[in-house]
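Participant: Build the 3D model from these lines:
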Amino acid sequence: MSALTVAITLFVLALLIGVIVIGKVPATLHTPLMSGANSIHGVVIVGVILVAAEANSALGLILIFLAAALGTANVVGGYTVTDRMLEMFKSKKTSSPSDKNQEEK
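Facilitator: Here you go, the predicted model:
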């Protein structure tokens, strides 16, 4: 088999396994799972750096730029969602009457 056939086969199998695994996750756990997975995707950025050293064509550079932009957006989004989720679990400070007066103004 050619390397392209093996790569496409692995990609399709990984896609199917991912859909099956994520499809069985309850809705209450989906956001924490995905935010953690997105932040782990920093490996994509490392891969982009490694592949960028081998790019020789304009198309290769465009694909590398897209991979870097999407990978970075995924990592930043993962950290943002995780931070928002952690904010929900922080205890709220009790506000004093003077704080309420400030909010009304």
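Participant: residue contacts, the residue nearest the centre of the chain?
Facilitator: For the chain, the residue nearest the mean C-alpha position is residue 38 (2.1 Å; CA atoms, centre = their mean). The contact partners of residue 38, by CB atoms under 8 Å, 6 or more residues apart in numbering, come to 74, 75, 77, 78, 79, 81. Where you see a C-beta, it was placed from the backbone N, CA and C, and this is true even at glycine.
Participant: Sketch out the helices for this protein, chain order is fine.
Facilitator: Ranges of helices within the chain are 3-23, 27-40, 42-52, 58-88, 97-104, based on DSSP state H.
Participant: Serialize those helices to TSV and add fields for mean pLDDT.
Facilitator: Listed next are the helices of the chain as TSV, based on pLDDT from 0 to 100:
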stretch	mean pLDDT
helix 3-23	90
helix 27-40	71
helix 42-52	86
helix 58-88	86
helix 97-104	58
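Participant: before we move on, back to that, give me the buried subset of the contacts of residue 38.
Facilitator: 74, 75, 78, 81 (16 or more other CB atoms under 10 Å).
Participant: returning to what we had before: the residue nearest to the centre of the chain and residue 76, how far apart?
Facilitator: 9 Å (CB to CB, to the nearest Å).
Participant: Repeat that for residue 13.
Facilitator: 29 Å.
Participant: what do you get for residue 54?
Facilitator: 26 Å.
Participant: Same question for residue 24.
Facilitator: In terms of CB to CB, residue 24 sits 28 Å off from residue 76.
Participant: Could you do residue 31 as well?
Facilitator: 16 Å.
Participant: Residue 54 and residue 76 - which one has more neighbours?
Facilitator: residue 76 (12 against 8; other CB atoms under 10 Å).
Participant: residues contacting the more buried one?
Facilitator: Counted by CB under 8 Å, 6+ apart, residue 76 has zero contacts.
Participant: go on, residue 10?
Facilitator: Residue 10 neighbours (CB under 8 Å, 6+ apart): none.
Participant: And residue 81, by the same measure?
Facilitator: Residue 81 neighbours (CB under 8 Å, 6+ apart): 31, 34, 35, 38.
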